[in-house]
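> quick check, what structure comes out for this input:
(one chain, ligands or ions: 1)
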Amino acid sequence: MANVSIRKYKTSDYETARFLFAEGTKEHLPAACMYTLTTPRFYFITFVAFTSVFMGTGSYVLALTSLVALLAAGWYGLYSEFHGLASRFLRKDMLDIEKSYMMSENACFWVAEIDGKVVGTVGAQPSTDADDELLLQRISVARDYRQLRIGTKLCQTVIDFARQRGFNAVCLETANIQRAATNLYERVGFKKSRVEILPSLVHQYTSFTVAYYRYNIKS
Ligand SMILES: CC(C)(COP(=O)(O)OP(=O)(O)OC[C@H]1O[C@@H](n2cnc3c(N)ncnc32)[C@H](O)[C@@H]1OP(=O)(O)O)[C@@H](O)C(=O)NCCC(=O)NCCS
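Take a look at the predicted model:
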């Protein structure tokens, strides 16, 4: 196992922390595209688009062009979704990490460090839904340092913090396309509490599901 240390965030980590978080979010685009290409809804929509244009115009070229346009629109929708998500959080809690996480007793942000290099991040804030729940968020590990149990250590750090602060549970959300994250959470001991499809057009069209996980500290 690599010589990893987990420590609290410092101002000098700002750019790296934001970069790691944004890259970790945007990298799900290829998996999202692959997932969408395997859904029955995708085949249904492309079939309907192709046959309607072909029957309306009698032209294979136009029918194929409409398919390409549909694929391009789908790719752009997914691109906007993941890049938009990263930008939204970069403008939200990740804009001022110090203020969002380091100024309250019940919130914190940590980085994972190997030989002085920051290679992972995780944040924790109290849930707005329930007073006794802590939210685990913004977990990301640099690509070259994955599968070295750094993600596990970051999760454990949040669980320990929640226990020390008297929270009853650590909660988080993730998407079904985030295989590594889902496996990580289940391996650490989080249990799936519910699954839903968000109302946005992209989620409805692609059938992406969001899973909510919970780790009970006091049972
Ligand atoms: C998810 C992530 C944080 C995991 O970090 P990590 O340091 O590689 O995780 P660990 O080494 O602690 O792995 C723990 C377990 O996670 C699972 N896992 C990790 N990487 C995996 C992968 N590529 N595929 C499948 N399962 C994986 C495994 O079950 C692993 O346990 P095992 O090695 O005993 O099988 C990392 O892949 C990442 O940063 N991804 C991009 C950002 C992201 O998805 N964040 C989550 C947002 S909800």
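
> need the contact list for residue 78.
Counting by CB atoms under 8 Å, 6 or more residues apart in numbering, residue 78 makes contact with 29, 32, 33, 36, 202, 206. C-beta: built from backbone N, CA, C; applies to glycine.

> how about a cut-off of 10 Å?
For residue 78, the contact set (CB atoms under 10 Å, 6 or more residues apart in numbering) comprises 28, 29, 30, 32, 33, 35, 36, 202, 205, 206, 208.

> what's the answer for residue 179, then?
Neighbouring residues of residue 179 by CB under 10 Å, 6+ apart: 28, 31, 35.

> which ones among those residues map onto strands?
Cross-referencing the contacts of residue 179 against strands under DSSP state E gives no overlap.

> ok, and the closest non-adjacent residue to whichever residue of the chain sits closest to the ligand?
Going by CB to the nearest ligand atom, the ligand is nearest to residue 151 of the chain, at 2.6 Å. Nearest non-adjacent residue to residue 151, counting by CB to CB, 6 or more residues apart in numbering: residue 184, 4.8 Å away.

> and that neighbour, that's in a strand?
No: read with DSSP: H, G, I helix; E, B strand; the rest coil, residue 184 is helix and lies in no strand.

> thought it was touching residue 178?
Yes: the criterion here is CB atoms under 10 Å, and residue 184 meets it with residue 178 at 9.2 Å.

> how about the residues of this structure near the ligand?
With CB under 6 Å from any ligand atom as the criterion, the chain comes near the ligand at residues 24, 27, 139-141, 146-152, 174, 178-181, 183-184, 187.

> narrow those residues to just the buried residues.
Buried by 16 or more other CB atoms under 10 Å: 24, 139, 140, 141, 148, 150, 151, 152, 174, 178, 181, 184, out of those.

> dihedrals phi and psi, the third one?
Recorded main-chain torsions at residue 140 are phi -160, psi 140, according to degrees, to the nearest 10.

> pLDDT value on it, please?
Residue 140 is assigned 98 on the pLDDT scale.

> residues in contact with it?
Counting by CB under 10 Å, 6+ apart, residue 140 makes contact with 17, 19-25, 27, 112, 119-122, 150-151, 154, 181.

> please name the nearest non-neighbouring residue to it.
residue 24 (3.1 Å).

> the fourth one too?
Counting by CB to CB, 6+ apart, the nearest residue to residue 141 once its immediate chain neighbours are dropped is residue 120, at 4.3 Å.

> much appreciated, bye for now.
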